[in-house]
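Novice: Here's a sequence, model it:
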Amino acid sequence: MKKLIPLLTSAFLFLFGFSACETPGQSALTGAATGGVIGGLLTGRPGGVLAGAAVGAGTGYLVGKQVQYDRQQAYNAGYYEGRGDGDYGDRFPVGRFTDRPGFVISPYPPYNRIDVRGIPRGAQVQDPSTGKIFINP
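Specialist: Okay, here's the model as predicted:
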């Protein structure tokens, strides 16, 4: 039983950390459920479930607000402009694909190969050698 509690706690924390909640309310609900389960497992009492749910809901709400704020900052900065419809506008040129996945060729001289692993398609990328912005193809 003593090995089961840390294992379950880790599993629930992992699930909570990677749940893609869109709003602070969804994050609070996920946090309350996760906290309630962890509180119940750790204490074995109904009071532990309620305390865990309260702590989880508060934490989930704060995490959801931070994610919401970060996403709004990205939208305000134009990070997602032109995504989805293939029309990137006239603001920035588009990089070119290479034979190596995760790398593109900058549209600016000296046409360096840029590592774009982890950057979504259609997002803005800065060429480190020129400081100019282009769109990840």
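Novice: Show me where the chain has its strands.
Specialist: Using DSSP state E, the strands found in the chain span residues 96-97, 103-105, 113-115, 124-126, 133-135.
Novice: got any ranges where this protein has weak pLDDT?
Specialist: 1-23, 75-90 (pLDDT under 70).
Novice: what's the domain layout of it?
Specialist: Following automatic domain parsing, the chain resolves into domains at 4-76, 96-135.
Novice: Redo the ones you listed as TSV? Include mean neighbour count.
Specialist: For the C-beta atoms, the positions are set from N, CA and C on the backbone; glycine is no exception. Shown next, in TSV, are the domains of the chain (neighbours: other Cβ atoms under 10 Å):
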stretch	mean neighbour count
domain 4-76	16
domain 96-135	14
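Novice: okay if I get the strands of the chain as JSON lines plus distance to Asp70?
Specialist: Shown next, in JSON lines, are the strands of the chain (distance: least, Cβ to Cβ, whole Å):
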{"stretch": "strand 96-97", "distance to Asp70": "29"}
{"stretch": "strand 103-105", "distance to Asp70": "25"}
{"stretch": "strand 113-115", "distance to Asp70": "22"}
{"stretch": "strand 124-126", "distance to Asp70": "16"}
{"stretch": "strand 133-135", "distance to Asp70": "20"}
